[in-house]
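# Sharing a sequence plus its predicted fold:
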Amino acid sequence: MDIASISNIKKELKNLPAEELQEIINRLAKYKKENKELLSYLLFEAYNETEYIRQVKEEIDLQFSSLNRTSFYLAKKTLRKVLRTTNKYIRFSGKKETEIELLLYFCKKMKTSKLNYKSSKVVFNLYINQVKRIQKVISMLHEDLQYDFREELEAL
């Protein structure tokens with residue numbers, strides 16, 4: 001079975017009546033949790049990005065509170081899980097400012113977690129890769145926003 005391209009899917013969706021379109025969306029939401037989460041974001045949270053960012057930060061705080069500081073192996077697993085969750089919420093938003101803000105928050109939480117992340121090469125590389133990612137995304141923004149975010153990044 002061949003999978004249709006996005007452009008073909010867009011064309012086909014334009015031709016569908018509203019009722020059929022609603023049925024297709026409901027069916028998509030049933031089969032995968034991430035699809036349902038994305039639909040929830042698009043329908044209920046996309047209009048207020050600052051509230052969305054606040055909620056994601058609370059989620060990050062909650063996950064960092066369960067961080068195991070005694071074993072680097074378990075801490076690394078938890079950090080990767082937090083980062084996976086953060087990246088999922090970044091994908092939902094699709095906005096560069098949100099991406100930078102959430103990644104900066106993740107890095108700040110990592111620094112203040114009382115975890116000696118510099119002693120583990122894997123955890124330290126995880127941190128460095130996020131800083132590089134932030135720098136890359138900042139370079140894509142408008143100059144005024146770049147300045148503001150670069151100051152926050154340098155504070156790290």
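Sure thing, it's come through.
# most residues in a single helix of the protein, which one?
Counting residues, the longest helix in the chain under DSSP state H turns out to be helix 72-93.
# Can you give me the buried ones in the helix or strand following that helix?
Proceeding N to C from helix 72-93, the next assigned helix or strand is helix 96-111, under DSSP states H and E. By 16 or more other Cβ atoms under 10 Å, the buried positions in helix 96-111 come out as 96-107, 109-110. The way it works is simple: take the backbone N, C-alpha and C, and place the C-beta from them, glycine included.
# nearest to residue 131, of the residues you listed?
Taking Cβ to Cβ as the measure, residue 131 lies nearest residue 107 of the buried residues of helix 96-111, at 6.4 Å.
# And that closest one, how far from residue 149?
12 Å (Cβ to Cβ, to the nearest Å).
# got the contact list for stretch 28-47?
25, 51-52, 55, 88, 92-93 (Cβ atoms under 8 Å, 6 or more residues apart in numbering).
# To clarify, my last question referred to stretch 119-138.
With contacts defined as Cβ under 8 Å, 6+ apart, stretch 119-138 is touched by 72, 75-76, 79-80, 83, 96, 99-100, 103-104, 106-107, 110, 115, 117-118, 145-146, 149-150, 153, 156.
# For that stretch, which residues meet the burial criterion?
Those would be 120, 123, 126-127, 130, 134, 137-138, for stretch 119-138 by 16+ other Cβ under 10 Å.
# Please check the contacts of stretch 28-47 and keep the buried ones.
Using 16+ other Cβ under 10 Å as the burial test, the contacts of stretch 28-47 include 52, 92-93 as buried.
# What is the burial count for residue 34?
10 (other Cβ atoms under 10 Å).
# how close does it sit to residue 40?
For residue 34, the distance to residue 40 - Cβ to Cβ - is 11 Å.
# okay if I get the contacts of stretch 28-47 as CSV plus distance to residue 1?
Output for the contacts of stretch 28-47, formatted as CSV (distance: Cβ to Cβ, whole Å):
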residue, distance to residue 1
25, 22
51, 41
52, 36
55, 38
88, 28
92, 28
93, 32
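# Considering those residues, which is situated nearest to residue 10?
The nearest one, if we look at those relative to residue 10 and count by Cβ to Cβ, is residue 25, at 14.3 Å.
# tell me which element the closest one is part of?
Using DSSP H and E, residue 25 maps to helix 18-31.
# No further questions, thank you.
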